[in-house]
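Trainee: Sequence and predicted model, in that order:
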Amino acid sequence: DTEVTQTPKHLVMGMTNKKSLKCEQHMGHRAMYWYKQKAKKPPELMFVYSYEKLSINESVPSRFSPECPNSSLLNLHLHALQPEDSALYLCASSQVAGSGNTIYFGEGSWLTVV
Amino acid sequence: RKEVEQDPGPFNVPEGATVAFNCTYSNSASQSFFWYRQDCRKEPKLLMSVYSSGNEDGRFTAQLNRASQYISLLIRDSKLSDSATYLCVVNSWNYGGSQGNLIFGKGTKLSVKP
C-alpha cells in the first residue's frame, strides 16, 4: 500500500464549483508533487514543493492553485475548471527534490468536470 | 527526438516467456533512471531503479548504457500478474529549467496470456 494518501478518490464537479484535492505523507519527505495524467498518457508534472516552498510551476493555469500547509500536507485547490481538466491527479513525494531520489505516488484522485 | 522514448507495444506474450523493454533518452545530463509499473486505473509504482552496473531483482533485470543513452528491462518467466504498463522514467536535475523533474516515457503495455 502506498504511504502517500490522497482524498477524495473520486470527485465530480461542475465548472463553477470550488473544490480541493488533498494529499498527506508521513514519511518525512520534504518534496511533494502534483502530477496530472490523462487516459493512455504518462503523468505530467504540474507543481513541485520543496521544503514547503513552491519550486516548480510547469505553466499550469491559475484555475489550479497548490498549497502546502506543512511538510506532510499538500492541497490542490480547483476553481472554474473545464471539462478537459478531467483526469487522474497524482500526488507524490520524495525525500528531497533532487536527482536520484525515488518518487512515491499516491493512488490518485479521479476528477471529472461536468 | 522525444525526451524519453519507449517501444510502442503492446506486447502480448504467453506465461513463462522472456520479454524485453527498451528505452532511450535524449538528455545526456540525465542522472537517474527508473522503471515504474502502472496497472490499469492505478498509480505508477516503482519497479526498480536502474544503475550503470546493471541490477537484478528476482525475475527482473535492468540495464543502463549511458554512452548510448539506452535503458532496458528484462522480465524472465513472465507471470499473468506482470500484465501492466511499464514506464521508463528519467530524472534530470535542472533539465530544461525544471529541477528534479521526472520525465516519463509513454509506457509499454504488457499482456501476459495463459
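Mentor: Done, it's in.
Trainee: Was I right to think B:Gln38 contacts B:Pro44?
Mentor: Yes - between B:Gln38 and B:Pro44 there is a contact at 4.5 Å, judged by Cβ atoms under 8 Å. From N, CA and C alone the C-beta is placed, and that goes for glycine too.
Trainee: Any idea which helix or strand in the chain has the lowest mean pLDDT?
Mentor: This is for chain A. strand A:53-57 (a mean of 86; mean pLDDT, DSSP states H and E).
Trainee: Hmm, no, I was thinking of chain B.
Mentor: Using mean pLDDT, DSSP H and E, the weakest-scoring helix or strand in chain B turns out to be strand B:101-104, at a mean of 82.
Trainee: Show me what that strand is packed up against.
Mentor: Helices and strands touching strand B:101-104, as assessed by 3 or more Cβ pairs under 8 Å, 6 or more residues apart in numbering or on different chains; DSSP states H and E, comprise strand A:44-50, strand B:84-92.
Trainee: Return the list of strands paired to that strand, each annotated with direction.
Mentor: Sheet partners assigned to strand B:101-104 using DSSP bridges are listed as strand B:84-92 (antiparallel).
Trainee: Quick one: low-confidence residue ranges for chain B.
Mentor: By pLDDT under 70, the weakly predicted segments of chain B are B:1-2, B:93-100.
Trainee: What segments of it are strands?
Mentor: Taking DSSP state E as the criterion, chain B contains strands spanning B:4-6, B:11-14, B:19-25, B:32-38, B:44-50, B:55-57, B:60-65, B:70-75, B:84-92, B:101-104, B:108-113.
Trainee: and chain B, which of its residues are near chain A?
Mentor: Residues of chain B lying close to chain A (Cβ under 8 Å from any Cβ of the partner chain) are B:31-32, B:34, B:41-46, B:49, B:87, B:91-93, B:98-102, B:104-107.
Trainee: rewinding a little: of B:Gln38 and B:Pro44, who's got more company?
Mentor: For the pair B:Gln38 and B:Pro44, the greater number of neighbours falls to B:Pro44 (29 against 21), based on other Cβ atoms under 10 Å in any protein chain shown.
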